[in-house]
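# Predicted model, plus sequence, below.
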There are 2 protein chains.
Amino acid sequence: MAVTIKDIAKLANVSITTVSRVINNKSEGVSEETRNRILQLVKELGYQPNAIARGLVTKKTKTIGLIIPDISNPFFPDLARGVEDSAHIYGYNVFLCNTDDNLEKESEYINALKEKYVDGIIFTSSSIPKHEHIMELVKSGIPIVIMDRRVDSEDIYGVFLDNYEGGYIATKHLIDLGHKKIGCITGPLYTKSAKERLEGYKKALVENGMDVDERLIFEGDYKINSGIIGTEKLLGNNENITAIFACNDLMAYGAYKTIRSYGYKIPDDISIVGFDDIQLSQILEPQLTTIKQPAYDMGLTAARMLIKLVEGKKLKKKIINFKPQLIIRQSTKNIG
Amino acid sequence: MAVTIKDIAKLANVSITTVSRVINNKSEGVSEETRNRILQLVKELGYQPNAIARGLVTKKTKTIGLIIPDISNPFFPDLARGVEDSAHIYGYNVFLCNTDDNLEKESEYINALKEKYVDGIIFTSSSIPKHEHIMELVKSGIPIVIMDRRVDSEDIYGVFLDNYEGGYIATKHLIDLGHKKIGCITGPLYTKSAKERLEGYKKALVENGMDVDERLIFEGDYKINSGIIGTEKLLGNNENITAIFACNDLMAYGAYKTIRSYGYKIPDDISIVGFDDIQLSQILEPQLTTIKQPAYDMGLTAARMLIKLVEGKKLKKKIINFKPQLIIRQSTKNIG
DNA sequence: ATGAAAGCGCTAACAA
DNA sequence: TTGTTAGCGCTTTCAT
């Protein structure tokens, strides 16, 4: 059996209340002397507070849940690291939950986290069309910060990226480079992020007097394979495309593969812009020009917001929007 | 306030004991009728057991800790996913902890996890020379499974990869391809994994009648940059190297960069073998030949072992060794 | 088949 | 400055 507050109390000849006081640094009303005596015993016996017992009475567990689709998807490790770093700074631990964007798993995790009395939840769900779970969570009163996936509701806290702007600057970059026929491989269009990136693409086109040609748009699913297939389609329909905007880096990698298998060169024959800027985009040859989404910072920020929320502090903003940033590397070329 | 067992008891006109019984399926000794009445109320009121309260009395939390150096390191997401999937199947949640191989952070996490009464810990520490923490944990009686980093002690449970064998087959592959001058960029040599891979390299050389030339060995640190520098050194000393064994994929990527900047071609001028087989190694151009370390399966296995341990089941083996596997792709070439 | 009571380790009024 | 007491929500003997 581990050492308890009771053991310390007995040995120090004080009540458990007093011990509790010094352990929690509520030491007003504890004499310097007893205080030291207790601290000494704590050290000697290697006393560690039982967080479970504490949680039972305080209803706070210093624990948060992080619900994401899949930590194996290269976008999420950085995000998770940001969340965890932030949590660690404030003395919280984080539960990692992978849902695969599966409604049932989401439910299971939400229930488990509630039963374990996490203080709050960071919720990311990139491709679920409905957001029942989110609203349910919000109503249940547990603090929650939404990431990545915009939800339209007044009483929601969230950390988002301006995907519309991202799609716009990606396409604008290509237009500025003199490209006229620009293909687009989108994410799954029932997600807001994918829709917004596509809208940004369209806006850039229209704003520059170009037509939106549906034959140049292919709906992917953010996975490598759809980048491969999408590019085959795009290359196959004889539209003489000179550039592709892949709505995430993984699909851009797929595009690389197809383009090479067709014997074309990047960026000489085809320019490519990706989205996310995951770590390996700088290692690819040629290095991928892409739209950077600051995953680590977003994770850091989300956790910080959540913890402030949990601790009852005022937040300046309910929503924090991150700006995407164009990172020009070697996969795009001026053909002006 | 959430619904408690007490509320249910009152409404069902039974004692809390009875409610507890049906909730925990210890239903022998509960009549079908009261059982149904209770279940009905549970559903109606949306009762959720309070895991904290339960944990306080049972000393079990259905929670495990996963301590790794850094989830952003591409080797770990797959491992973490394996751990989490396994845990989820058995009804456990997992705390993610990133230590950066920093002793102090390791200590902090271990303490926090103990205070939160996790049922067990999976511990990975790729580059800490000492293992005080591990032994401390083992002594403290909390079930623990070590991963990746071999520890010499009888009473330890672990999941490991045979790094020696891995280093051997990587080098052997190169030798079989006719290479005579094979450089090696190692991991940090105070880690066992790095040492073993290097030993495997040496064994293959010796076994094939070749000399071990220290000038062909460069000590890296498993990060991209040391792959870059190591390759510069190796290429710079005029030894006419025709192949490099990079002891992890990240360093192999670094080697790619340097080799290209020297104007050499892979695999025509230099062949490369990596280690790990992280996801992006198949996307690189040319695709990387490497030694596959089954991270996901290792995570799956470690969590399964740990949970069996926690639940007092017998384990057939205390140590499970995974075999590395040579994945031949496009970065190695026969120059026989 | 069911219930009463103790207690897990701690915090938080309230007293003294 | 310190202690007494109740109680968080649950499981678990031990009775009945």
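Received the coordinates, thanks. Numbering: from 1, shown residues only, chains lettered A, B, ... in the order given.

# Apart from its neighbours in sequence, what residue is nearest residue A:42?
Closest residue in space to residue A:42, ignoring its immediate chain neighbours: residue A:8 at 6.3 Å, by Cβ to Cβ, 6 or more residues apart in numbering or on different chains. In this view, the C-beta of every residue, glycine as well, is placed from N, C-alpha and C.

# quick one, what contacts the one you found?
A:19, A:38, A:41, A:42, A:45, A:47 (Cβ atoms under 8 Å, 6 or more residues apart in numbering or on different chains).

# quick one: the last one and residue A:3 touch, right?
Yes. In this structure, residue A:47 sits in contact with residue A:3. The criterion is Cβ atoms under 8 Å, and the distance is 4.5 Å.

# Where does the prediction get shaky in the stretch 151-300 of chain A?
A:151-152 (pLDDT under 70).

# returning to that earlier point: list buried residues within the contacts of residue A:8.
The neighbour-count test (16 or more other Cβ atoms under 10 Å in any protein chain shown) applied to the contacts of residue A:8 identifies A:19, A:38, A:41, A:42, A:47 as buried.

# now those residues as a markdown table including pLDDT, secondary structure and distance to residue A:77?
What follows is the buried ones among the contacts of residue A:8, written out as a markdown table (pLDDT from 0 to 100; DSSP: H, G, I helix; E, B strand; the rest coil; distance: Cβ to Cβ, whole Å):
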| residue | pLDDT | secondary structure | distance to residue A:77 |
| --- | --- | --- | --- |
| A:19 | 94 | helix | 42 |
| A:38 | 93 | helix | 43 |
| A:41 | 93 | helix | 43 |
| A:42 | 95 | helix | 38 |
| A:47 | 95 | coil | 36 |
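
# Helix, strand or coil: sort out the residue of the stretch 151-300 of chain A at minimum distance from DNA strand D for me.
Shortest the stretch 151-300 of chain A-to-DNA strand D distance, computed as Cβ to the nearest atom of the strand: residue-wise this is residue A:155, at 24.8 Å. At residue A:155 the chain is in coil, as set by DSSP: H, G, I helix; E, B strand; the rest coil.

# In a helix, the residue nearest to residue A:42, correct?
Yes. Looking at residue A:8 with three-state DSSP, it is inside a helix.

# Where do the helices of the stretch 1-150 of chain A begin and end?
Secondary structure of the stretch 1-150 of chain A by DSSP state H, counting those that start in this stretch: the helices cover A:5-12, A:16-23, A:32-45, A:51-58, A:76-89, A:103-115, A:132-140.

# before we move on, the earlier item: you'd agree the residue of the stretch 151-300 of chain A closest to DNA strand D is up against residue A:138?
Yes. The criterion here is Cβ under 8 Å, and residue A:155 meets it with residue A:138 at 6.3 Å.

# anything in contact with each of those two?
Counting by Cβ under 8 Å, 6+ apart, residue A:155 and residue A:138 have no common neighbour.

# Which of these two has more residues huddled nearby?
In terms of neighbours (other Cβ atoms under 10 Å in any protein chain shown), residue A:138 is the more surrounded of residue A:155 and residue A:138; the figures are 19 against 8.

# Could you find the closest non-adjacent residue to residue A:60?
Closest residue to residue A:60 apart from its sequence neighbours, by Cβ to Cβ, 6+ apart: residue A:119 at 5.8 Å.

# cool, residue A:297 as well?
Nearest non-adjacent residue to residue A:297, counting by Cβ to Cβ, 6+ apart: residue A:82, 6.3 Å away.

# Please list all residues in contact with that neighbour.
Residue A:82 touches A:295, A:296, A:297, A:298, A:299, A:300, A:301, A:302, A:303, counting by Cβ under 8 Å, 6+ apart.

# same deal with residue A:268?
By Cβ under 8 Å, 6+ apart, the residues touching residue A:268 are residue A:333.

# Just to be sure, it is in a strand?
No. Applying three-state DSSP, one finds residue A:268 to be coil, outside a strand.

# how far away is it from chain B?
Residue A:268 sits 15 Å away from chain B, taking Cβ to the nearest Cβ, to the nearest Å as the criterion.

# residue ranges for the strands of the stretch 201-336 of chain A, please.
For the stretch 201-336 of chain A, the strands defined by DSSP state E, counting those that start in this stretch occupy A:217-219, A:243-246, A:271-276, A:289-292, A:319-322, A:325-327.

# The fourth one: partners in the sheet, and parallel or antiparallel?
Meaning strand A:289-292. Sheet pairing for strand A:289-292, assigned by DSSP bridges, gives strand A:271-276 (parallel), strand A:325-327 (antiparallel).

# Can you point out the buried residues in the shortest one?
Across strand A:325-327, burial judged by 16+ other Cβ under 10 Å covers A:326, A:327.

# One more: stretch A:73-92?
Buried residues in stretch A:73-92, defined by neighbour count with 16+ other Cβ under 10 Å: A:73-88, A:92.

# cool, and stretch A:301-311?
Within stretch A:301-311, the residues that count as buried by 16+ other Cβ under 10 Å are A:301, A:302, A:303, A:304, A:305, A:306, A:307, A:308, A:309, A:310.

# wait, which of those residues is closest to DNA strand C?
Using Cβ to the nearest atom of the strand, the buried residues of stretch A:301-311 come closest to DNA strand C at residue A:310, 14.7 Å.

# Report the contact partners of the closest one.
Counting by Cβ under 8 Å, 6+ apart, residue A:310 makes contact with A:60, A:64, A:119, A:120, A:143.

# cool, and residue A:156?
The contact partners of residue A:156, taken as Cβ under 8 Å, 6+ apart, are A:134, A:138, A:144, A:146, A:318, A:319.

# Give me the buried subset of those.
Buried among these by 16+ other Cβ under 10 Å: A:134, A:138, A:144, A:146.

# How about the contacts made by residue A:200?
A:163, A:164, A:165, A:166, A:167, A:168, A:169, A:170, A:171.

# Just among those residues, which is most surrounded?
Of all the contacts of residue A:200, residue A:167 has the most neighbours under the rule other Cβ under 10 Å, reaching 30 neighbours.

# Now do the same contact list for that residue.
Residue A:167 sits next to A:196, A:197, A:198, A:199, A:200, A:201, A:203, A:204, A:245, A:247, A:275 when contact means Cβ under 8 Å, 6+ apart.

# Touching, the last one and residue A:249? I think so.
When you say that, I think you mean residue A:275. Yes. Residue A:275 is within contact range of residue A:249, at 6.5 Å (criterion: Cβ under 8 Å).

# Which neighbours do these two have in common?
Joint contacts of residue A:275 and residue A:249 (Cβ under 8 Å, 6+ apart) are residue A:290.

# which bits of chain A sit near DNA strand D?
Within chain A, the positions adjacent to DNA strand D are A:13-18, A:21, A:28-31, A:33-35, A:53, A:56-57 by Cβ under 7 Å from any atom of the strand.

# now those: which count as buried?
Applying 16+ other Cβ under 10 Å to those flags A:14, A:18, A:21, A:30, A:34, A:53, A:56 as buried.

# Of all pairs in the residues you listed, which one is the farthest apart?
Distances among these were taken as Cβ to Cβ; the most separated pair is A:34 and A:56, at 26.5 Å.

# quick one: contacts for the residue of the stretch 101-250 of chain A found nearest DNA strand D?
Closest contact between the stretch 101-250 of chain A and DNA strand D, by Cβ to the nearest atom of the strand, is at residue A:115 (8.6 Å). When contacts are counted by Cβ under 8 Å, 6+ apart, residue A:115 touches B:48, B:49, B:50, B:51.

# For chain A, tell me which of these show up nearby.
Contacts with chain A within the contacts of residue A:115, as defined by Cβ under 8 Å from any Cβ of the partner chain: B:48, B:49, B:50, B:51.

# can you list these in a markdown table and add pLDDT and neighbour count?
Formatted as a markdown table, these follow (pLDDT from 0 to 100; neighbours: other Cβ atoms under 10 Å in any protein chain shown):
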| residue | pLDDT | neighbour count |
| --- | --- | --- |
| B:48 | 96 | 14 |
| B:49 | 96 | 15 |
| B:50 | 97 | 20 |
| B:51 | 98 | 23 |
